Each structure stands twice: as C-alpha cells, then as structure tokens.
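# predicted structure and sequence below. I'll ask about it afterward.
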Amino acid sequence: MMISKHEKIPILFIVNPNSGVGRKDTIEHHLEKKLDFDKFEPKVVFTEYPQHATLLSREGWKQGFRVIVAIGGDGTVNEAARPLIGTEAVLGIIPAGSGNGLARHLHLPTDIDKAIRIINITNIKKIDTVEINDQVFLSIAGVGFDAHVADHFARQSQRGFFGYAKVAIREYFRYRPMKFRLVVDGKKMVRRALFISFANSDQFGYNTSIAPDATVDDGMIDVVIARKSSLWKMIFFAPFLFARKIHKTPYVEIIRAREVDIMQKVKIINLDGEPVDVGKRLHIHVIPASLNIIVP
C-alpha cells in the first residue's frame, strides 16, 4: 500500500477499555503527546462488548480510514484485523494486553509512547493470516490442553502471566491427553498429545516461544505437537520456552505445513488467546501475504 506524504492519513484507534491504557484520559493523553498530527487525522473509539472491534474496524474501513490501530491484547488485535484481511487497509498495534504474542513476535515495543512512534513511521509489511473453519487467527491457535487452559483462564479475574500459570498448573494434574487424527499436507497421522498448536508466529505470548522457527511471512504454519510428561519435567523444560529451544526437548514434535485437517473430541480451540467454539472437525490453511501491518 502506498501512502502519500502530501495528505493527512485518516487513522482509527480501536481501544479495548479493559486494557492497561484503555481509559479514555490515558490513551488520549499519550496520543496528544506523541502522535504525528501533521501526518495523521485520528479518531478514537472504544469497544463495548466482545467482537465489537470487528464491527468498528469494518465500519472504519468503509468510512475511509486507511490505517486502523488496535489497542489491547491479542484478542482485540485479532478482532480488528479480520475485516482488513485481503484489503489495502493497514493494521497497527499498540500492545496493551497480557500475552501480546503477535506484537512480541513483530518486535513491537510494549511501551505505549514507543509504540506510537512506530505508528508515526508507518513501515508496512505484508504478513500471512490463517483460516480455521470460519475463523481467522494471526499468531497462534491450539487444541487440547492449550484450549482447555484458555477456556478456564477466560473465566477468572486474575490476568497476566501469573494468572495464566496458576490455571495451567492447576489443570495440568486433571487433564488427560487426547488422540488426534490429522492430515498434514495430505499425509495422514495419529498423535496422542497434551496439545497441538498451529503457529503462524513463534509466540505463545508472555515472550514464550512455542515454535522458534515460525515466521509470519513464509506461507507456512508450524504444527507443534506436545506430549505430556510429569509436572516436574515440564517445569524443568519451561525455561526452554523462553530460550527458544523447546523444539530440542523430547516432548515436542514440529511439522511445517500449508494445510491441516484435524479431528478432536471437544469443540473449543484457543484462537489468539481466546477460547472459541469451532467444532470437532477443523480445516486449517494459510492465506499468504494477506494483511498489511505496521512493524518497526
């Protein structure tokens, strides 16, 4: 997408008010201080209910906003991005959630003022998105324990890394691995797994790398199949997530693919950090170079 240097760019900021900078006075203070008003003509709107960011993004694009910025976590970013896939619109991200998986993968700063400076520069990159049945994800989706934890985490009040870890450790003792039937780029396989993640980016969130070689612009997803071990072994291997070496442990298998079909016993998946009901039969495929996004 080409952006003229001689006209102000209509830019829409979609803010999740439950995010760290979501208060009206907070976000507007930062924008007034750091946004380039010679370059942009801004409007700020706030989400009021789940999926509202998708509606606001779609209407904003129809109204002529050429850059749409999501301020929130991975769920807000996902919602705002959906109507922009396959269009000339540009998505910006000001990370304000807990995990911030896609933002971390793209090396976007979590400091709001620094993130606004990145918006001012407007360096644009095309990235892949991934379709899973009638849903879309940008960073990562998962089935099994991954989705189970996302579902339980969404119901509790404590957010952030420690809230997530608390749920994961509690549920680990109760959870039994399931058998999954997969067709990966035409090859049939069966795996009993703790979870299977479909990684467009490398990030689980919280700076943990579940698929260290995954990138958002290679036309592929990394299918990460994790087996269950004793809890003390999992705790021992946890630092490998932060060191980008989880694929070197004996409990993880990674297969690169463009298209995957999978059968699961439950209907819930983890979709960019949010639990979503998509059914037991899943079809996953990459949509290459389908979203314009602002990067450092």
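Looks like it came in fine. Residues are numbered from 1 along each chain as shown.

# number of residues surrounding the residue nearest to residue 145 when sequence neighbours are not counted?
Using Cβ to Cβ, 6 or more residues apart in numbering and skipping the chain neighbours, the partner closest in space to residue 145 is residue 195 (4.2 Å). (Glycine included, C-beta is placed from N, CA and C.) Around residue 195 sit 23 other residues, with neighbours defined as other Cβ atoms under 10 Å.

# who's residue 195 bridged to?
When bridges are taken as DSSP bridges, the partners of residue 195 come out as residue 144, residue 226.

# what segments of the stretch 101-250 of the chain are strands?
Taking DSSP state E, counting those that start in this stretch as the test, the strands found in the stretch 101-250 of the chain are 123-132, 135-137, 140-144, 178-184, 187-193, 195-199, 203-205, 208-209, 221-226.

# which strands or helices does the longest one pack on?
Contact analysis of strand 123-132 by 3 or more Cβ pairs under 8 Å, 6 or more residues apart in numbering; DSSP states H and E lists strand 135-137, strand 281-295 as its packing neighbours.

# okay, how far is it across stretch 166-183, tip to tip?
Terminal residues of stretch 166-183 are spaced 34 Å apart (Cα to Cα, to the nearest Å).

# change the start of the numbering to 50 and stick with it
OK, 50 is where the count begins now, so the last one is stretch 215-232.

# what's the domain layout of the chain?
As recorded under automatic domain parsing, the domains making up the chain are 58-170, 184-337.

# for residue 227, which of the helices and strands packed on strand 172-181 is the nearest?
Ranking the helices and strands packed on strand 172-181 by proximity to residue 227 (Cβ to Cβ) places strand 330-344 first, at 13.3 Å.

# any low-confidence regions in this structure?
Low-confidence segments of the chain, defined by pLDDT under 70, span residues 50-55, 69-74, 203-212, 254-255, 279-297.

# go with 50
50-51 (pLDDT under 50).

# give me every residue that touches residue 139.
With Cβ atoms under 8 Å, 6 or more residues apart in numbering as the criterion, the residues that contact residue 139 are 50, 52, 115, 116, 117, 133, 171, 173, 341, 342, 343.

# do you know how far it is from residue 176?
In this view, residue 139 and residue 176 are 11 Å apart by Cβ to Cβ, to the nearest Å.

# repeat for residue 217
If you go by Cβ to Cβ, the gap between residue 217 and residue 176 works out to 28 Å.

# now residue 94
With distances defined as Cβ to Cβ, the gap from residue 94 to residue 176 amounts to 24 Å.

# more crowded one of the two?
residue 176 (25 against 15).

# where's the more buried one relative to residue 57, distance?
26 Å.

# for residue 302, same thing?
51 Å.

# and residue 242, by the same measure?
Computed as Cβ to Cβ, the residue 242 to residue 57 distance reads 51 Å.

# what of residue 142?
To residue 57, residue 142 is 21 Å away according to Cβ to Cβ.

# of the two, give the one with the bigger neighbour count.
Under the criterion of other Cβ under 10 Å, the comparison of residue 142 against residue 57 puts residue 142 first, with 27 against 13.

# so the more buried one sits in a strand?
Yes. Residue 142 sits within a strand when classified using DSSP: H, G, I helix; E, B strand; the rest coil.

# give me the nearest residue to it, chain neighbours excluded.
Taking Cβ to Cβ, 6+ apart as the measure, residue 142 lies nearest to residue 152, with 5.2 Å between them; neighbours along the chain are not counted.
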